[in-house]
Each structure stands twice: as structure tokens, then as C-alpha cells.
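Enquirer: Quick one, structure for this:
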Amino acid sequence: MIIRGKEFVNINQEKFILISQFGMWLFWIITYILIIKQGIKDKRYGMPMAAICANISWEFIFSFMYPLNNLQRILTFLWFLLDIFILMQFLLYGYKEYKKIIPRKVFYSSFFITLIVSFFTILAMMHEFKDMAGIYAAFFQNLMMSGLFIALFIQRGNLSGQSMGIAVCKMVGTALAAVCFYLYFRTSLITIISLAIFIYDWIYIVLIYRFYVKFAK
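Expert: Model (predicted):
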């Protein structure tokens with residue numbers, strides 16, 4: 001059978017989208033695993049509170065409430081399971097970093113309030129933007145996460161709970177999604193957010209590299 005014109009383009013487009021999605025899911029799974037591994041090694045949490053709350057809320061919504069399809073449900077559920085471990089690490093190790101600043105009750109209350117706010121904010125964004133795939137919410141929280149990783153590094157002044165592998169895998173996973181959306185589902189807002197994420201992720205990688213160089217001497 002000969003495939004011509006738009007049919008050929010559509011098949012290539014579908015293949016590229018599928019490859020991009022699998023690449024994104026794979027690199028984010030690796031990112032989560034590396035965060036968990038580094039957290040166990042350093043006895044420190046590896047993902048900031050707001051990022052954990054936004055991620056696990058998004059993954060719950062699209063695993064149990066609004067799954068796009070069976071494959072997406074399974075892959076998003078894998079993210080959700082890994083994020084449960086990351087959440088547990090935050091609850092286990094997080095308070096130790098802030099016990100001189102805030103009481104234990106305030107720390108845990110702040111976490112659960114942030115989790116609830118994140119959940120309903122994502123649902124509101126879905127309806128506000130008429131985006132039942134959660135694309136805008138995903139890119140917004142990815143941008144937030146990129147900034148928070150830099151802030152966490154600056155706050156600690158070291159790589160506790162973090163690593164170059166985490167930074168690189170996060171950037172690659174996000175870049176695959178960003179390129180796919182730019183080519184086939186382009187919007188001005190997503191494009192601006194994608195560029196901002198890439199810049200912040202690159203800054204994060206440079207900071208980690210300079211830290212390695214400085215303390216390798």
C-alpha cells in the first residue's frame with residue numbers, strides 16, 4: 001500500500017508523538033527513582049514541598065479521575081507510586097531542616113494544606129483553560145519545580161538529596177514533551193513556559209556542575 005501526502009505526515013506525526021511521550025515518561029520515572037535513591041543515601045528529601053503536592057495531585061487526578069486512555073493511566077500511576085515514596089521521604093526527613101524555625105504541627109499542617117490547595121487548583125485550571133488533559137497545569141508545575149530545585153540547592157548550599165543525574169533527566173524528559181507540543185500543539189503560553197523551564201533547568205545543571213568542580217579540587 002502506498003501512503004501519500006497527509007496520510008504519511010499523520011503517521012509520522014503519531015509515531016513522533018508516541019516516542020516523545022514514552023521518552024518523557026521514561027526520563028521522569030528515572031528522575032523520580034534517582035530522587036528516591038539520593039534521599040535514602042543522604043537522609044534528606046529531594047523534592048520541595050510545593051512540587052511534591054502539585055505532582056502527586058496531578059498524578060492522582062489523571063490516574064483515577066480523568067485518565068486519557070488505559071496506557072496513560074498505567075504510566076501516570078507509575079509516577080504516582082514513585083511520588084508516594086518521595087512524599088514519604090519529605091514527611092520523614094523534612095521536619096529536621098525546619099525544626100528550629102517552626103513547630104512540628106505547623107510543618108505537617110502546611111504540607112497537608114498545600115496538598116489540598118494543589119489538588120483543587122489543578123482541577124480549577126483544567127476547567128478554566130478547558131484542558132481536560134491537564135497540559136497547562138503540568139507545564140506550570142514543571143516551571144515551579146525548576147525554580148524550586150534551584151532554591152533548594154541555594155538554601156542547603158550543597159547537593160544533599162540532589163544530583164547531576166536528577167537535573168539532567170528532568171531536563172531531558174521535559175524537553176521531549178516541550179518539543180512535541182511546540183511542533184504539533186503549539187500555543188504561545190506553553191512555548192514561553194517551555195523556554196523558561198529549559199533556562200531554569202540549565203541554570204540548575206550549571207550550578208551543580210560548578211559545585212562538583214569546586215569540591216573536586
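
Enquirer: Could you point out the longest helix of the chain?
Expert: Counting residues, the longest helix in the chain under DSSP state H turns out to be helix 5-42.

Enquirer: distance between the very next helix or strand once past that one and the chain's centre?
Expert: Next helix or strand after helix 5-42 toward the C-terminus (DSSP states H and E): helix 49-60. Relative to its chain's centre, helix 49-60 lies at 9 Å (CA atoms, centre = their mean, to the nearest Å).

Enquirer: Residues touching helix 49-60, excluding its own?
Expert: Helix 49-60 is contacted from outside by 47, 76-77, 79-80, 83-84, 86-87, 90, 94, 110-111, 114-115, 117-119, 122, 134, 137-138, 141, 144-145, 148-149, using CB atoms under 8 Å, 6 or more residues apart in numbering. C-beta coordinates here come from the backbone N, C-alpha and C atoms, glycine included.

Enquirer: what about burial for those, which qualify?
Expert: 47, 76-77, 79-80, 83, 86-87, 90, 94, 111, 114-115, 118-119, 122, 134, 137-138, 141, 144-145, 148-149 (16 or more other CB atoms under 10 Å).

Enquirer: Tell me where the chain has helices.
Expert: With DSSP H as the criterion, the chain has helices spanning 5-42, 49-60, 70-98, 104-128, 135-156, 164-184, 188-216.

Enquirer: right, so these: which one is the most enclosed?
Expert: helix 49-60 (a mean of 23; mean count of other CB atoms under 10 Å).

Enquirer: where does the chain have low pLDDT?
Expert: Applying pLDDT under 70 to the chain flags the ranges 1-11, 216-217.

Enquirer: check contacts around the residue nearest to the spatial centre of it.
Expert: The C-alpha lying nearest the average C-alpha coordinate of the chain belongs to Asn142 (CA atoms, centre = their mean; 5.0 Å). Asn142 is in contact with 174, 193, 197, counting by CB under 8 Å, 6+ apart.

Enquirer: Now those residues in TSV, please, with extra columns for distance to Ile30.
Expert: Output for these, formatted as TSV (distance: CB to CB, whole Å):
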residue	distance to Ile30
Thr174	13
Ile193	22
Ile197	18
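
Enquirer: Hmm, Phe119 is touching Ile61, no?
Expert: Yes: between Phe119 and Ile61 a contact is recorded at 7.4 Å, counting by CB atoms under 8 Å.

Enquirer: Next up, the contacts around Tyr204.
Expert: With CB under 8 Å, 6+ apart as the criterion, the residues that contact Tyr204 are 146, 149-150, 153, 167, 171.

Enquirer: how far away is it from Ala167?
Expert: Look at Tyr204 and Ala167: by CB to CB, to the nearest Å, they are 5 Å apart.

Enquirer: what residues are shared contacts of the two?
Expert: Listed as contacting both Tyr204 and Ala167 by CB under 8 Å, 6+ apart are Phe149.

Enquirer: Give me the residues contacting stretch 19-28.
Expert: 75, 78-79, 169-170, 172-174, 176-177, 179-180.

Enquirer: Grab the CA positions of it and hand them over as CSV.
Expert: Extracted as CSV, the C-alpha positions of stretch 19-28 are listed here (Å, rounded to 0.1, in the frame of the first residue of the first chain):
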residue,chain,number,x,y,z
ILE,A,19,8.1,8.3,21.0
SER,A,20,8.2,11.7,22.7
GLN,A,21,5.6,10.6,25.3
PHE,A,22,7.4,7.4,26.1
GLY,A,23,10.7,9.3,26.4
MET,A,24,9.1,11.8,28.7
TRP,A,25,7.6,9.2,30.9
LEU,A,26,10.8,7.2,31.0
PHE,A,27,13.1,10.1,31.9
TRP,A,28,10.7,11.3,34.6
